[in-house]
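Undergrad: Let's see this in three dimensions:
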Amino acid sequence: MDTPTLLERHLEDGRLFLHALDEAKFETNAAMWRFDGELSLWRYLLASVVVNQSGPQIAYRRVLSVLHAHPNLAIDLLTLAVVRADDEFIAALASGIRMDPGGSGKRLTRNRIHGAYVEDAYIYRVQRVADLTPAMPRR
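TA: Numbering: from 1, shown residues only. Predicted coordinates:
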């Protein structure tokens, strides 16, 4: 089965949305378009410590408030997915690829990275999360 085309508009809108999330101080350690083969559609995937710390409902609420402020973007609730910062797929990518923080995105097609299979993805950001739990006080 052929992968539906990810258009230039999607790439630009994904970049703009990530910038808007950064401006809104929504912490993301990963942002990408990822093809979902089971649904045969592209998903805009975000990983954030907000999910770890406050839960998915609050994370989605914050992300959707930013999205609603930018109604012309080619991203909607059906294409959006927000996961934990320590998601297994994200952790595998973060340990296997390096991104230039100020650079453009990176396209991956039919790759296996640290056990995670990437059918097709356009990655804007992927960073490791060293430790999500607050340090325990020393006695």
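Undergrad: Buried ones in the longest helix along the chain, by neighbour count?
TA: The longest helix of the chain (DSSP state H) is helix 8-23. Residues of helix 8-23 classed as buried: 10-11, 13-14, 17-18, 20-21 (neighbour count, 16 or more other C-beta atoms under 10 Å). For glycine as for every other residue, the C-beta is placed from the backbone atoms N, C-alpha and C.
Undergrad: quick one, strands of this protein?
TA: Using DSSP state E, the strands assigned to the chain run over residues 30-36, 41-48, 80-84, 106-113, 116-126.
Undergrad: which of the ones you listed is buried the deepest?
TA: Mean neighbour count (mean count of other C-beta atoms under 10 Å) peaks for strand 41-48 among the strands of the chain, with a mean of 23.
Undergrad: Mind listing the strands that one pairs with, and their directions?
TA: strand 30-36 (antiparallel), strand 80-84 (parallel) (DSSP bridges).
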